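Just need the structure, nothing else, for what follows:
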Amino acid sequence: MPCEDEHHNHNHNHNHDHNHGHDHIPPIPTTSSQSLNSKIDKFKVSALNLENPQDQLQKLFKDQEHKYEIKPVIKSDCDEQLIINIPFLNGSVKLYSLILRTNGESYCPKTIKLFKNDKTIDFDNIESKKPTQQLTHPQIGISDNELSEVVESDTFVEHFLQRHKFTGVQQLTIYIQDIYNDEDQCQLHSIELRGEFTELNKDPIITIYEAAANPADHKNLTAIDQKNNVQFGS
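Numbering: from 1, shown residues only. You can find the predicted model right below:
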């Protein structure tokens, strides 16, 4: 969105209490059965207050072959706040965790709120809505001056979610509320979702039950056959 149309509820209450994540434990590798990135309807992913073209959003959700690529860098526009709506394909999702790779210095997200199955969220109402879960992201990630296309470092952060709250998920909304510094932009490099996916059938399953044979019908058909055979034989 253009900066002259700045969104509502802009919040400049930044916190300088840096958490550089000295005890950071990188996530274990994702198996194909755990990853939900292939179950995201990537062409319908959208964002509010996005600097990038909308079609670059789908590149946030990388597969394992491209997980270390850091470009394109997804950036907020007028300020540091960003809303990302992630719909899933025809199915129901149980989310286990959210893995983020972000900027780790000047543009690092701090407060992140997650919302489940709410398609009405925008900057006019998001502060009045109760998140399904709120996260504090550590100041870990890619440096400001990193120019490489690929960075093979353990700068991924896994946030474990309350599974009982994230069942039956058809859309996940991620709201980056603030960052660690006084910059007016947040930066993301990748998003990975882990959990279970159950495909929903578009058409109901229709079972046709064959009627049980009636002995009387069999008897009547046999009598007709015998009569016909007599007629054909005369």
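
Report the beta-bridge partners for the residue minimising distance to the centre of the chain.
Nearest residue to the geometric centre of the chain (Cα atoms, centre = their mean): residue 86, 4.4 Å. Residue 86 forms beta bridges with residue 172, as assigned by DSSP bridges.

show me what contacts it?
40, 45, 171-174, 191, 193 (Cβ atoms under 8 Å, 6 or more residues apart in numbering). C-beta here means a position set from N, CA and C on the backbone, and glycine is covered the same way.

at 10 Å what do you get?
Residues near residue 86 by Cβ atoms under 10 Å, 6 or more residues apart in numbering: 36-37, 40-42, 44-47, 57, 60-61, 93, 169, 171-174, 191, 193.

State the distance from it to residue 184.
Residue 86 is 24 Å from residue 184, where distance means Cβ to Cβ, to the nearest Å.

so how far is stretch 77-84 off the chain centroid?
18 Å (Cα atoms, centre = their mean, to the nearest Å).

Of the contacts of residue 86, grab the buried ones for PyMOL.
Filtering these down to the buried ones (16 or more other Cβ atoms under 10 Å) takes a single PyMOL command:
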select buried, resi 36+37+40+42+45+47+57+60+61+93+169+171+172+173+174+191+193
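
What about the contacts of residue 86, which are in strands?
46-47, 93, 171-174, 191, 193 (DSSP state E).

Now do the helices in the protein.
215-233 (DSSP state H).

Now tell me which helix or strand of it has the poorest mean pLDDT.
helix 215-233 (a mean of 49; mean pLDDT, DSSP states H and E).

out of the ones in strands among the contacts of residue 86, who's nearest residue 24?
residue 191 (17.9 Å; Cβ to Cβ).

from memory that closest one sits against residue 174, does it?
Yes. When contacts are counted by Cβ atoms under 10 Å, residue 191 is listed as touching residue 174 (7.5 Å).

Now the common contact residues for those two.
Joint contacts of residue 191 and residue 174 (Cβ under 10 Å, 6+ apart) are 84, 86, 98, 100.

show me the contacts for residue 80.
Residues near residue 80 by Cβ under 10 Å, 6+ apart: 10-12, 14, 49, 107-110, 176-187.

Ok, residue 62 next?
Residue 62 neighbours (Cβ under 10 Å, 6+ apart): 37, 68-70, 101, 189-192.

again with residue 24
Residues near residue 24 by Cβ under 10 Å, 6+ apart: 138-140, 154-158.

For those, which two are the farthest from each other?
139 and 158 (15.6 Å).

out of those two, which sits in the more crowded spot?
When residue 139 and residue 158 are compared for neighbours, residue 139 comes out ahead with 21 against 18, by other Cβ atoms under 10 Å.

Look up how far residue 151 lies from that one.
Residue 139 is 17 Å from residue 151, by Cβ to Cβ.

where are the low-confidence patches of this structure?
1-23, 32, 202-234 (pLDDT under 70).

change it to 50
Applying pLDDT under 50 to the chain flags residues 1-2, 4, 12-22, 204-212, 218-219, 221-222, 224, 230-234.

Would you map the strands across it?
46-48, 74-75, 82-87, 91-102, 109-116, 133-136, 157-160, 171-179, 187-199.

what's the residue nearest to residue 166 when sequence neighbours are not counted in contact with, if anything?
Nearest residue to residue 166, sequence neighbours excluded (Cβ to Cβ, 6 or more residues apart in numbering): residue 95, at 3.8 Å. Counting by Cβ under 10 Å, 6+ apart, residue 95 touches 36, 88, 114, 116, 132-133, 160-163, 165-167, 169, 172, 193-196.
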